[in-house]
Structure formats: C-alpha cells, structure tokens
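>>> build the 3D model from these lines:
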Amino acid sequence: MKKLAHLILENGTIFQGISVGIEGETIGEIVFNTAMTGYQEILTDPSYLGQIISFTSPHIGNVGTNQLDEESKKIHANGIITRSISSLDSNFRSTQNLSKYIQKHRIIAISNIDTRKLTHILRNIGSLYGCIQSEKYMNIKNAIHKINSYKNKKNITISTGVKKIKKWNIEKYKNTCNKKKFHVVVYDFGVKNSILRILQKKGCKITLIPSNTSVENILSLQPSGILLSNGPGDPRSYLTSIKNIKKILKFSIPVFGICLGHQILALSLGAKIIKMKFGHHGSNHPVQNIYTKRVFITTQNHNFTIDKKSIKKNIIVTHISLFDKTIQGITLKNHPYFSFQGHPESNPGTHDIQQLFDTFINNMYKKEILNAQKK
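Residues are numbered from 1 along each chain as shown. Below you'll find the predicted structure:
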C-alpha cells in the first residue's frame, strides 16, 4: 500500500505526493538538478549535505544502483524529490533498485509531485528551504516552524571530509601510468571518488588531509601539488582553511581547486563570494574558455560564485558560464594556481573539461624541473 507524503516550502506552497523513502521528516535547502543521467553519482556527492535534491528529469531509477558508481559511501543529501521512481531496474551492473537503495541509506524521499511547477517556483523566487513529511508526520504548522528554525541556524553544513591525515589508494588503479608518481595532497572538504580515481590513474600518490590541517603539517608531507576539493556549504565559513591556504600560496606549490575549492582559492586570493539566486546543478552547462573560445559541456553543482567586482588585477578569469556569464575558472598570473567551478571529473559525463587534470599534472612537472635547476 502506498504511503502519502507532502512537501512544504517556506513560502507556504504545499505539494502532495507519495513516500518512497523511510518514514519521518526532513528539512533542507531545495535545489533542482537538471541531469538526465547519473542519479546515483548525484545522490552520493558529499556536496549536497544540508540540501534536498529535486530531479527535473521526470523518471529516474531505470538502471538501478551499484557500488562502483558511488561517489562516497552514503547519501549526503537531506532528502530527495522526484516526479517518478522506477520500481524496476534493468541493467547488468545493477545490484539493487533505487527505492530500496534510498531506504537502505535511511533517506526521506517524496515522489509523484509536479517537479516542473517546483522548478518554476525556485527559478522565479530563488532558493527556498522546505520540509518533506511522510504520512505519520504530516503537520503543516510544525513544518513551517521547523523550517524557520532550521534557516536561522548558523553553519548548518560543514566539511564531510576526513578527520585525520590518511593515504588514499585503490589497488586496481595501481601502476596504471608509467609517469613519475607526483604526490598530491588533497584538502578534503568532501571530495568525490571520481576525482581521486582520475589522479591515481594519471600516476599520482594521494594523501587526504582535513580542512583544518596546519601549514606546517602540509609542508611536512612534501606535496608535489595541492588539490582543493569540492564540498558542501558556504565557502566563506571555511575560515581556517582560507587562512592556511593564503600561507601555502607563498610557497608556489601547484594548486588546483574544484567547485568549493575554486571558491576557497578565490577567497584566499582576496576575491569575494556571493550566493546565487538558485545555483547551477546539472550536467548540461555550457562553459567557454575565454582565450580559445572553445565551449565545453560541463557538470555543475554550486550555489555560490565569485563576485566579478572583487577580482584583483593579478587574478585572470579563464572560463565563464554561457548561461549567465558567471565566472567558471580563474588562474593567478605568473603562478601555478588555477581552479574551475564545475566538475572536471564529471562521472558519468560529460568529460569535455577533464583536460584540466592534465594541466595540473603539467604544472607539477614544470615545478619539479624548476626545483631541479635551482639545486
């Protein structure tokens, strides 16, 4: 027997639907994702901590789920909204259908609602907080009260990364590249597995570090390069990380920032970050390289962007969004530091902008040659 559920927005709008997760209620900032594939990678992306994901694709779940497609070990989103979830999974890689997968991870989810209407509301008004309540918990007055209470909390989302320094390695990817192994230290704000796999395939040794790791500890690891990972929340709240990265930049160690890491690098360079009206979430976002004029179709997942007015003279903008002209990539003049707002690892696709990992590798190679010449 199907169980009822409803979604209440902070502005009082109510959507009636069916519960497809566990019983209970959940609150979070609602974001809509326009990707037509890769729902499992989206669900397990740590960057969605504190948010409720609404899929604009009307039907998800056809290919089921499997462990290989997970970007982390659990679903980090606070809840899930969809028009329809398939009860059948038809793929040779599938080990469990999506509904059971959601329930296994103890997630509250609602289906059979008009996600087109919800998306129009979010686009017109901007980001809204909402509450999903399953049948036993349905109480509109309580939902509005809890939404307002949740909104007023400070630093709702924090880094989901490692709590202590650790090496990362997957046996199957060992020795897949004949190049010299560079040692990449990853600021783990909530890094996706795909990023680490690509680095390892390209011959990198990887060490994950917590977001509050001191400069002294980082330098003691003797990194060839430093990657600032994706992650959840407001980049402006990562004060300790920003402070330490400012110091790290004095040593000219190659730095590559992705998504949240892109924003944190910008803050470390003196730029400002502002919140967007409803953010970018999807795998069909066109981004242009300003200098080559080449256009890339990219995966995006962010609610914040660099304030164009705050860009310093030594910061060079390399990429822009063709949707709204927001900044998508930056580099620092005469230094091996660069970052990208989207997701160049982009599993399951597109892979247009994956070449940025090669840029990072080349920067580490050039730095090594320069150090050798100084000796």
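>>> so where's the stretch 151-300 of the chain uncertain?
154-159, 170-180 (pLDDT under 70).
>>> surely Lys163 touches Asn212?
No - taking CB atoms under 8 Å as the definition, Lys163 is not a contact partner of Asn212, at 9.7 Å. C-betas here are computed from N, CA, C, even on glycine.
>>> the two: who's more crowded?
Asn212 (15 against 10; other CB atoms under 10 Å).
>>> and the residue lying closest to that one once chain neighbours are set aside, what element?
Distances taken as CB to CB, 6 or more residues apart in numbering put Thr240 closest to Asn212, at 4.7 Å, once the chain neighbours are dropped. Thr240 is part of helix 239-248 when elements are defined by DSSP states H and E.
>>> measure the residue nearest to Asn212 to His302 for me?
Between Thr240 and His302 the computed distance is 21 Å (CB to CB, to the nearest Å).
>>> who's more crowded, the two?
When Thr240 and His302 are compared for neighbours, His302 comes out ahead with 22 against 13, by other CB under 10 Å.
>>> what residue lies at the spatial centre of the chain?
Closest residue to the average C-alpha location of the chain: Ser47 at 3.9 Å, with CA atoms, centre = their mean.
>>> my reading is that that one lies in a strand. Confirm?
No - Ser47 is assigned helix when assessed by DSSP: H, G, I helix; E, B strand; the rest coil, not a strand.
>>> the residue nearest to Asn212 reaches Pro210, doesn't it?
No - using CB under 8 Å, Thr240 is not in contact with Pro210, being 9.8 Å away.
>>> the residue nearest to the centre of the chain: what's it in contact with?
His76, Gly190, Lys192, Asn230, Gly231, Pro232, Cys259, Leu260, Asn301, His302 (CB atoms under 8 Å, 6 or more residues apart in numbering).
>>> restricted to helices, list these.
Leu260 (DSSP state H).
>>> among the contacts of Ser47, name the buried ones.
The neighbour-count test (16 or more other CB atoms under 10 Å) marks His76, Gly190, Lys192, Asn230, Gly231, Pro232, Cys259, Leu260, Asn301, His302 as buried among the contacts of Ser47.
>>> and those residues, which is closest to Ile22?
Nearest to Ile22, judged by CB to CB, of the buried ones among the contacts of Ser47 is His76 at 15.8 Å.
>>> partners of the longest strand seen in the chain, with directions?
Across the chain, the longest stretch assigned as strand under DSSP state E is strand 273-289. Note on strand 273-289: by DSSP bridges, its sheet partners are strand 295-306 (antiparallel), strand 315-321 (antiparallel).
>>> turn those strands into JSON lines, including distance to Lys201.
Below are the strands paired with strand 273-289 laid out as JSON lines (distance: least, CB to CB, whole Å):
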{"stretch": "strand 295-306", "distance to Lys201": "18"}
{"stretch": "strand 315-321", "distance to Lys201": "24"}
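>>> can you tell me which of those is packed in deepest?
strand 295-306 (a mean of 22; mean count of other CB atoms under 10 Å).
>>> before I go, just wanted to say thanks for your time.
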